[in-house]
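Enquirer: just a sequence and a predicted model for now, questions to come.
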Amino acid sequence: MVLSRKTSLVFNKKCKTSYCRHFCLLMNNLSFKRMSQYISFSSDFTNFWIPCIVINNLINSPSWKSELIAKWAWSLFALPVSGRVFLALRRVGVACVSRSLLMISGWFEVQVWIMGNTVTRDDFEWVYTEQPHYSRRNIILAKHPEIKTLMGPDPRLKWVVTAMVLTQLLCCFLVKDLRWKWLVFWAYVLGGCINHSLTLAIHDISHNVAFGNKDALRNRLFGIFANLPVGVPYSISFKKYHADHHRYLGGDRLDVDIPTRLEGQFFSSPFRKVLWLILQPLLYTLRPLLVNPKPWTCLELLNAAVQLLFDAVLVWLWGIKLLVYLLSGSVLCMGLHPISGHFVAEHYMYLKGFETYSYYGPLNYITFNVGYHMEHHDFPSIPGSRLPQVRKMAPEFYENLPQHDSWTRVLWDFVFCEALGPYSRVKRRLPTDKEK
């Protein structure tokens with residue numbers, strides 16, 4: 001549908017709060033001849049109500065075919081924001097801009113309802129059992145003790161990561177004179193993929209597979225080096241919280257990989273789930289601070305200092321564009337991007353009773369085999385480069401498990417399937433120290 005034209009704007013000054021009545025015509029060359037929508041909302045800043053949107057579609061006849069009424073009060077983020085902007089703009093006389101904002105946001109609300117219904121789940125999948133990977137590890141090792149030979153550091157990892165960091169620095173030099181639109185384009189297509197891959201290298205390094213468990217400090221320092229192109233300090237904090245993710249998988253207030261209740265309640269429609277995917281970098285940053293805050297460590301401060309120094313030197317040498325290239329690549333590629341499908345594919349409950357899933361597709365080649373996630377949780381000390389061998393050595397423990405064949409399809413199903421949403425996670429009430 002294309003927004004064709006706008007009509008009148010009427011204010012009722014006699015009311016305690018002003019009302020905006022806005023009409024627009026929506027045209028669709030394929031199936032709809034004409035669509036009109038009526039929007040009415042209260043502009044009281046202390047009690048801002050979502051408008052009632054009624055859509056009447058005329059399909060090949062003069063009679064109205066359908067009617068749709070939007071939800072009350074904050075049913076969509078875009079409309080309240082644009083409404084507030086409208087009120088601010090109206091005060092300074094920019095009426096035409098404010099009308100356009102209302103028409104766009106109203107049209108967007110229409111699309112939200114057309115896209116599908118809200119998620120049917122209203123809570124997490126609560127269980128009272130221990131996570132399955134401890135017992136699986138013992139059973140698999142009892143039958144296939146040769147898997148222990150795969151444990152230990154990966155001597156090639158440090159060279160691969162170093163090459164990726166240098167490649168990203170070369171890319172910075174090559175894109176420094178590009179126009180902004182092409183800078184963002186290459187950040188999404190190339191630079192973001194490298195940065196996302198580096199975050200997964202940091203994931204491997206957090207398991208001490210770069211230099212081995214006996215040299216943990218070198219692993220932490222190398223993680224700080226791998227962190228440089230990402231643009232924000234990430235490596236040390238990730239290590240601190242990721243250990244809890246493995247130890248207390250699904251643990252209430254311990255595994256910060258699980259969305260909050262606010263996320264589960266708000267991001268429940270198809271459009272909002274798309275927004276949730278876009279906001280993944282921000283949510284992954286804020287969630288640990290809100291759910292399970294921990295004191296800063298000296299290594300975290302070092303990580304932050306080194307990263308800020310690197311960013312400052314980059315801006316001083318080549319300008320702000322390069323920092324925008326790195327940061328936008330990290331944000332965009334860890335948001336709505338095919339590679340980001342692994343965030344959802346790993347633990348979201350696509351099939352009841354299963355909380356960890358593997359993906360064996362080609363994107364594993366550029367993501368350090370993070371798709372082999374069932375194998376990784378069974379054996380966290382095995383480097384990603386050797387996880388395919390785990391599956392080959394013990395096929396009876398992996399071949400018959402549910403698995404994903406496309407991360408893009410994972411994202412599509414997550415958005416449009418009513419049974420899937422941020423609440424689609426297995427969560428555990430772990431016993432407290434007193435209960436133990």
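Expert: Structure's in. What do you need? Residues are numbered from 1 along each chain as shown.
Enquirer: kindly provide the whole-number mean pLDDT of the helix or strand hosting C171.
Expert: Element membership for C171 (DSSP states H and E) is helix 157-175. Looking at helix 157-175 alone, the average pLDDT works out to 96.
Enquirer: could I get the CA-only coordinates of that helix as PDB?
Expert: This file holds the C-alpha atoms of helix 157-175, laid out as PDB (Å, rounded to 0.1, in the frame of the first residue of the first chain):
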ATOM      1  CA  LEU A 157      42.700 -19.600  16.600                       C
ATOM      2  CA  LYS A 158      45.100 -16.800  17.500                       C
ATOM      3  CA  TRP A 159      46.300 -16.500  13.900                       C
ATOM      4  CA  VAL A 160      42.800 -16.500  12.400                       C
ATOM      5  CA  VAL A 161      41.600 -13.800  14.900                       C
ATOM      6  CA  THR A 162      44.700 -11.700  14.300                       C
ATOM      7  CA  ALA A 163      44.100 -11.900  10.500                       C
ATOM      8  CA  MET A 164      40.500 -10.800  11.000                       C
ATOM      9  CA  VAL A 165      41.500  -7.800  13.100                       C
ATOM     10  CA  LEU A 166      44.000  -6.700  10.500                       C
ATOM     11  CA  THR A 167      41.500  -7.200   7.700                       C
ATOM     12  CA  GLN A 168      39.000  -5.000   9.500                       C
ATOM     13  CA  LEU A 169      41.700  -2.300   9.900                       C
ATOM     14  CA  LEU A 170      42.400  -2.500   6.200                       C
ATOM     15  CA  CYS A 171      38.700  -2.200   5.500                       C
ATOM     16  CA  CYS A 172      38.600   0.900   7.600                       C
ATOM     17  CA  PHE A 173      41.300   2.500   5.400                       C
ATOM     18  CA  LEU A 174      39.500   1.500   2.200                       C
ATOM     19  CA  VAL A 175      36.100   2.900   3.200                       C
END
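Enquirer: who touches that helix?
Expert: Defining contact as CB atoms under 8 Å, 6 or more residues apart in numbering, one finds that helix 157-175 is touched by 182-183, 186, 190-191, 194-195, 197-198, 201, 204-205, 209-211, 222, 225-226, 228-229, 314, 318, 321-322, 325-326, 383, 385. C-betas here are computed from N, CA, C, even on glycine.
Enquirer: T260 versus L289, what's the distance?
Expert: Going from L289 to T260 by CB to CB, to the nearest Å gives 11 Å.
Enquirer: who has more neighbours, those two?
Expert: Higher neighbour count among L289 and T260: T260, with 15 against 11, using other CB atoms under 10 Å.
Enquirer: the more buried one reaches L290, doesn't it?
Expert: Yes: counting by CB atoms under 8 Å, T260 touches L290, with 7.0 Å between them.
Enquirer: from the contacts of helix 157-175, which land in helices?
Expert: When DSSP state H is applied, the contacts of helix 157-175 are split such that 182-183, 186, 194-195, 197-198, 201, 204-205, 222, 225-226, 314, 318, 321-322, 325-326 fall in helices.
Enquirer: what pLDDT does the most centrally placed residue in the chain get?
Expert: Geometric centre of the chain, nearest residue: Q280, 2.6 Å, by CA atoms, centre = their mean. Among the per-residue scores, Q280 shows a pLDDT of 94.
Enquirer: relative to W159, how far out is it?
Expert: 30 Å.
Enquirer: over to D252?
Expert: 41 Å.
Enquirer: of the two, who's got more company?
Expert: D252 (14 against 10).
Enquirer: phi, psi for the more buried one please.
Expert: phi -60, psi 120 (degrees, to the nearest 10).
Enquirer: for it, which residues are in contact?
Expert: 427-430 are the contacts of D252 under CB under 8 Å, 6+ apart.
Enquirer: are any of the contacts of helix 157-175 buried, and which?
Expert: Buried members of the contacts of helix 157-175, counted by 16 or more other CB atoms under 10 Å: 183, 186, 190-191, 194-195, 197-198, 201, 204-205, 209-211, 222, 225-226, 228-229, 314, 318, 321-322, 325-326, 383, 385.
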